[in-house]
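>>> Predicted model and sequence below, questions to follow.
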Amino acid sequence: MINNTIKIAILGFGNVGQAFAKLLIEKEREIFEKFNLSISVVAISTRTDSLRSI
């Protein structure tokens, strides 16, 4: 079975980064149905902090 997961790192979590993350959550099912892809956010990094989850 082919793993169709795209791993994404978000650089910057201000207004744009947060809106992008929210959009990914809202469109997760649509992306899977249309493109057969799962999205996985594996890291978020800001100027002062970073959160990493793999």
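Arrived safely, thanks for sending. Numbers count the residues shown, from 1 in each chain.

>>> I'd assumed Thr48 was in a helix, is it?
No: counting by DSSP: H, G, I helix; E, B strand; the rest coil, Thr48 is not part of a helix but coil.

>>> give me the number of residues near it?
As a burial measure, Thr48 scores 5 neighbours (other CB atoms under 10 Å). Every C-beta, even on glycine, is put in place using the N, C-alpha and C of the backbone.

>>> gap between it and Ala19?
As judged by CB to CB, to the nearest Å, Thr48 and Ala19 stand 20 Å apart.

>>> I figured Gly17 hits Ile44, correct?
Yes: the criterion here is CB atoms under 8 Å, and Gly17 meets it with Ile44 at 7.3 Å.

>>> hey, where'd the strands end up in this structure?
5-11, 38-45, 50-52 (DSSP state E).

>>> Give the buried residues for the longest one.
What that stands for is strand 38-45. 41, 44 (16 or more other CB atoms under 10 Å).

>>> quick one, it and strand 5-11 angle?
Angle, strand 38-45 to strand 5-11, by axes from the mean of the first three to the mean of the last three CA atoms, to 10 degrees: 20 degrees.
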